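Engineer: build the 3D model from these lines:
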Amino acid sequence: MDRFDPAPTPEDRRWGDETDTFGRVYDVLVGTTTLTSSAEIADIADCSPNAAKKHLDRLAGMGIARADTDTQPARYARNEAYFEWQEASRIARELPIEAILERVDELEAEQQAYEERFDADDPATVSAFEGADHEAVHERMDALSDWQRVVRDIRLYALAHQIARNDGHLIPA
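Structural biologist: Residues are numbered from 1 along each chain as shown. Next comes the predicted model:
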């Protein structure tokens, strides 16, 4: 804070009084997609680096965080696989198998249309900057982003189908 800034008021604080340290660290982690030091997470979560590291190690043990402990200091990020598993489990609970399969068919048709449009099998291999002007580039970026969503959703719904087919388990019990 600059020495000329006013003192923060309770309304300026990021966290309410009801959010404990673990909850703040969890909330920051959920928004962290690149490996980040526990000190940086602690700064955002308004807690000590030691408290953040303790909670991050706990979250890594639960599979919610991924940790790179080979670096000093250790760095953490959300574990995308955990959140995909949670989403697939929710889909499996909420939708009948027939609806899941129908959605997979719809998504696969969308994916095929994108593959034909861009003459490629993977959106990561397509450049967004082949447009003639800013508007064309922007439209191409939107389409590639949507294609990536389709690929992710196919993965989620296929996993949800497998979970639903096996009574909530990934493999038959």
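Engineer: count of neighbours near residue 62?
Structural biologist: Residue 62: 10 surrounding residues under other CB atoms under 10 Å. The C-beta positions use only the backbone N, C-alpha and C, and glycine is treated the same way.
Engineer: avg pLDDT for stretch 33-43?
Structural biologist: For stretch 33-43, mean pLDDT is 95.
Engineer: which residues in this protein form strands?
Structural biologist: Assigned by DSSP state E, the chain shows strands spanning 36-37, 65-68, 75-78.
Engineer: out of these, deepest packed?
Structural biologist: Most buried of the strands of the chain, by mean neighbour count (mean count of other CB atoms under 10 Å): strand 75-78, with a mean of 22.
Engineer: let's see that one as PDB, backbone CA atoms only.
Structural biologist: Backbone C-alpha positions of strand 75-78 (Å, rounded to 0.1, in the frame of the first residue of the first chain) are rendered in PDB as follows:
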ATOM      1  CA  ARG A  75       4.800 -24.600  -6.000                       C
ATOM      2  CA  TYR A  76       1.200 -25.500  -6.300                       C
ATOM      3  CA  ALA A  77      -1.700 -25.300  -8.700                       C
ATOM      4  CA  ARG A  78      -5.200 -26.800  -9.000                       C
END
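Engineer: picking that back up, of the strands of the chain, which is nearest residue 108?
Structural biologist: For the strands of the chain, the distance to residue 108 is smallest for strand 75-78, at 27.6 Å, taking CB to CB.
Engineer: neighbouring contacts of that closest one?
Structural biologist: Residues outside strand 75-78 that contact it (CB atoms under 8 Å, 6 or more residues apart in numbering) are 29-38, 41, 56, 59-60, 64-68.
Engineer: give me the sheet partners of that strand and which way each runs.
Structural biologist: strand 36-37 (antiparallel), strand 65-68 (antiparallel) (DSSP bridges).
Engineer: contacts for the first one?
Structural biologist: Read it as strand 36-37. Under CB under 8 Å, 6+ apart, the answer for strand 36-37 is 73, 74, 75, 76, 77.
Engineer: got a list of what the first one touches?
Structural biologist: I take that to be residue 73. Listed by CB under 8 Å, 6+ apart, the contact set of residue 73 reads 37, 38, 39.
Engineer: I'd like to know how far it sits from residue 59.
Structural biologist: 16 Å (CB to CB, to the nearest Å).
Engineer: again with the fourth one
Structural biologist: Here the criterion is CB to CB. By it, residue 76 lies 8 Å from residue 59.
Engineer: same question, the third one
Structural biologist: The gap separating residue 75 from residue 59 is 13 Å, by CB to CB.
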